[in-house]
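*Asks:* Need a 3D model of the following:
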Amino acid sequence: MEQMLNVSSNPHVRARMTTAKIMQLVAIALLPAAIVGIYNFGFKALAILVVSTGSAVLAEWLYDHFMHKPNTIGDFSAVVTGLLIGMNMPAGIPLWIPAFGSIFAIIVVKQLFGGLGQNFMNPALAARCFLMISFAGKMTDFSVSDSFKGAVDGVTGATPLAALRDHGFVAGSSVPIKNLLIGNIQGTIGETSVIAILIGAAILLCYKVISARIPLTYIGSFAVFVIIYMLASGKGFDVNYLFTHLFGGGLMLGAWFMATDYVTSPITVKGQYVYGVCLGVLTGIFRIFGASAEGVSYAIIFCNLLVPQIERFTRPVAFGKGGAKK
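*Replies:* A predicted model of the protein is given here:
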């Protein structure tokens, strides 16, 4: 009997996990942190998340429509981008700013460079940095009016990182570490609760959407940088100072959800470790020596630009190319 063979182009081994499923899982993993943010900051936070996500989806649909391209909103990447932009906003910001940021992320950073898989930096973080430069006052105003404050009465004033930068960790007046874990602190909508972020990270790890290599290397190298700074500057080792740096601000959200972006992070194993170390060191430099108390967004964006070179120098040698010298 003649055997019929199906001739097709590669890849011949395909995974069941599609782009849409991956993005859906990322969106689901972001929900715990988003829900805590809504609980802490009230319905204004919910409105910001809805507007930023809706604006991103609408911008992608309109671009595809007018450029006569296939509709790509079904891959849910615009949903993730919009949700991340909203979670990186302070709860008191005018709604038009996250909408503007979502449009910038989708049109300028993503679509004009070829769409999903072609962008050279994380669209959500690029939008945040753009908004920080353009509207610095509103992007760093973390005061929340009483009508939108929700269940947390203490969410006013400086962020834990800003207070740490100005005064160091002062027992009795600095934000307790437990507040950093549960989210009873000032900050952007999605960065306040470490526990909620780690629940989302666990979802991504369980479904093998991400690897722990980049986040753990990032967080670990940053912790080492802070410890070296404490010892070298004469502060001595202060665990509260270290934990405030680790749990306050956008480090956890950035490490687990943005530094692991498939498109803008290395694919080689060695490269992922190098990438994580670069992120940790740059975040430490920006936070401790820079003008701003935060540095995660700028560190990730800068390292996105280094990814091609990191992959170039960490690419495995092809079989037969690295033989013994004659």
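*Asks:* switch to C-alpha atoms for all contacts and neighbour counts from now on
*Replies:* Fine.
*Asks:* can you list the weak-confidence ranges in the stretch 201-326 of the chain?
*Replies:* 319-326 (pLDDT under 70).
*Asks:* which residue ranges form the helices in it?
*Replies:* Assigned by DSSP state H, counting those that start in this stretch, the stretch 201-326 of the chain shows helices spanning 213-232, 239-247, 251-253, 269-289, 296-314.
*Asks:* And for the stretch 1-150 of the chain?
*Replies:* Counting by DSSP H, counting those that start in this stretch, the segments of the stretch 1-150 of the chain that form helices are 19-41, 43-66, 77-87, 96-103, 123-134, 136-139.
*Asks:* Could you list the buried residues of stretch 260-271?
*Replies:* 260-261, 263-266, 268, 270-271 (16 or more other Cα atoms under 10 Å).
*Asks:* Can I get those in CSV including distance to residue 309?
*Replies:* Below are these laid out as CSV (distance: Cα to Cα, whole Å):
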residue, distance to residue 309
260, 17
261, 17
263, 14
264, 12
265, 11
266, 10
268, 12
270, 12
271, 9
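*Asks:* ok, those residues vs residue 62, which is closest?
*Replies:* residue 263 (22.9 Å; Cα to Cα).
*Asks:* can you tell me how far the nearest residue to that closest one once chain neighbours are set aside sits from residue 315?
*Replies:* Spatial nearest neighbour of residue 263, chain neighbours left out: residue 117 (5.4 Å); criterion: Cα to Cα, 6 or more residues apart in numbering. Going from residue 117 to residue 315 by Cα to Cα, to the nearest Å gives 20 Å.
*Asks:* Settle it for me: which of those two has more neighbours?
*Replies:* residue 315 (15 against 12; other Cα atoms under 10 Å).
*Asks:* Check the burial of the nearest residue to residue 101 once chain neighbours are set aside by counting its neighbours.
*Replies:* Once flanking residues are discounted, residue 101 sits nearest to residue 127: 5.1 Å by Cα to Cα, 6+ apart. The local packing of residue 127 (other Cα under 10 Å) involves 26 other residues.
*Asks:* Model confidence for residue 127, exactly?
*Replies:* Note on residue 127: pLDDT of 96.
*Asks:* now swap in residue 150 and tell me
*Replies:* 43.
*Asks:* ok, residue 213 - contacts?
*Replies:* 272-273, 276 (Cα atoms under 8 Å, 6 or more residues apart in numbering).
*Asks:* now the stretch 51-200 of the chain, which segments are flagged as low pLDDT?
*Replies:* 144-159, 162-163, 165-174.
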